[in-house]
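1. predicted structure and sequence below. I'll ask about it afterward.
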Amino acid sequence: MDYDIKILGEDDDNGLMEFDRLNLLTKSTKDIATKALMLWLKGFSDIIPDKNLKRALAMRLKGISGSGLEGTSLTIDCNYFSETIKGLQFEIFKPNDEVLKLTPMALVINSFRAALSEGSIESDLDKPLLKSLLGFKKNFISDNEVFYLANRGSIEDIRLTKDDFQKIGLLEDSIPEPNKVIINGHLDEMKISKGKLGLQTAQGFVNVFANEKSIIENIIKFINKEVTISGVAHYKPNGQLSFIEIQEFGEPNTNDRFFSKNPNAMTAQQQLLFQVKHKKKTSSLSALKSITGLLKDDISEEQFNEMLKDIHR
């Protein structure tokens, strides 16, 4: 499938491209496609793909053309994932039908559209992917340039200017940074499709994620049993918890049950950014009152380390 990246607006956009600029453009575009695919397949974008997925993410430059009047056009060729990943045997996930209909370049276009749409707050985006989208801004050499990403009509193209990255930046700023957490509950569901597990806590259901096969193999002995998990909490564009990445786990004790709370870690500043972005009136006091969850900063270093030791007792 052929796609076009068209650049207009500057004298340099004349059908030629200097090597350093070409390298930046291809690298930033590939990084977005990679993170978007990992988000689709494993629920978190900042994961290094294996060699098979790297081959599936191949994007080939077929040609560069244009003129001073028409700008610079790059033609990119890439395959549908149905041709490259459908037959692979995955140990902890399986690609769904929707992603099989896409290509690496389609993921790039869809990611920009999701971040810039009015409904971006509910979009399937995460902080590392948004940071990659922001990195694409480095391809602009002036405020006058316009980038068009398209696949010649089969899906709607995307038009990008430097100003568009302000909205993407606000969305990225509204997502809390990942935080260290400890959480306790019953492991009662397993979703092999994304390497995710379900943890039923006193405050509700939480998705927990294992990036390593060894963690999945060892934690399944706690299915339908109580377990304490130490890991990193990741958040959605609306500031709510997305999932917890498992780092350590073990049998619970009394302290675990006392300290464990479902994280909801938007800071006051992030809540205000979130409210400004979506034009909802709120006060900083009400924003502060809504902050809940167990963060490492909420307890002393000694307490936190002691709880980690308890997991292994």
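-> Right, received. Where do you want to start? Numbering: from 1, shown residues only.
2. center of this protein, which residue is that?
-> Nearest to the mean C-alpha position of the chain, by C-alpha atoms, centre = their mean, lies Asp126 at 3.1 Å.
3. contact partners for it?
-> 39, 44-46, 175, 234, 236-237, 242 (C-beta atoms under 8 Å, 6 or more residues apart in numbering). From N, CA and C alone the C-beta is placed, and that goes for glycine too.
4. how about a cut-off of 6 Å?
-> Ser45 (C-beta atoms under 6 Å, 6 or more residues apart in numbering).
5. check the spacing between it and Asn23 real quick.
-> Going from Asp126 to Asn23 by C-beta to C-beta, to the nearest Å gives 26 Å.
6. can you map out the helices along the protein?
-> Taking DSSP state H to define them, one finds helices in the chain at 19-42, 51-56, 81-84, 97-100, 104-116, 127-135, 164-173, 213-219, 254-259, 268-277, 284-289, 301-311.
7. of these, which is nearest Thr228?
-> helix 254-259 (4.2 Å; C-beta to C-beta).
8. and the closest one, what's its mean pLDDT?
-> For helix 254-259, the mean pLDDT works out to 56.
9. do the same with stretch 173-188
-> 88.
10. relative to the whole chain's centre, how far out is that stretch?
-> 15 Å (C-alpha atoms, centre = their mean, to the nearest Å).
11. please save the CA atoms from it in CSV.
-> C-alpha atoms of stretch 173-188 as CSV (Å, rounded to 0.1, in the frame of the first residue of the first chain):
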residue,chain,number,x,y,z
ASP,A,173,0.7,17.2,29.9
SER,A,174,-2.7,16.2,31.2
ILE,A,175,-1.6,12.6,31.6
PRO,A,176,0.1,11.9,35.0
GLU,A,177,3.6,10.5,34.9
PRO,A,178,3.9,6.8,35.7
ASN,A,179,4.1,6.2,39.5
LYS,A,180,5.4,3.4,41.7
VAL,A,181,2.4,1.7,43.5
ILE,A,182,1.6,-1.3,45.7
ILE,A,183,-1.8,-2.8,45.2
ASN,A,184,-3.6,-5.8,46.7
GLY,A,185,-6.5,-7.9,45.5
HIS,A,186,-7.8,-11.1,44.0
LEU,A,187,-6.4,-12.2,40.6
ASP,A,188,-9.6,-13.3,39.0
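12. can you give me the neighbour number for the closest residue to Asn151 other than its chain neighbours?
-> Among residues not flanking Asn151 along the chain, Tyr3 sits closest, at 4.5 Å (C-beta to C-beta, 6 or more residues apart in numbering). Here the count is done by other C-beta atoms under 10 Å, and Tyr3 has 25 residues near it.
13. hang on, isn't Tyr3 packed against Asp77?
-> No. With contact defined as C-beta atoms under 6 Å, Tyr3 and Asp77 do not form a contacting pair (7.7 Å).
14. please parse the chain into its domains.
-> 2-173, 179-311 (automatic domain parsing).
15. and those domains, which one averages the lowest pLDDT?
-> Taking the mean pLDDT of the domains of the chain, domain 179-311 comes last: a mean of 68.
16. for Arg60, which non-adjacent residue is spatially closest?
-> Closest to Arg60 by C-beta to C-beta, 6+ apart is Asp77, at 4.6 Å.
17. tell me how far that neighbour lies from Asn238.
-> The value you get for Asp77 to Asn238, if C-beta to C-beta is used, is 36 Å.
18. re the thing from before, for Ala114, see how far away the residue nearest to the centre of the chain is.
-> 11 Å.
19. equivalent analysis for Ser65, please.
-> 29 Å.
20. so for these two, which sits in the more crowded spot?
-> A count of neighbours by other C-beta under 10 Å puts Ala114 above the other of Ser65 and Ala114, at 20 against 15.
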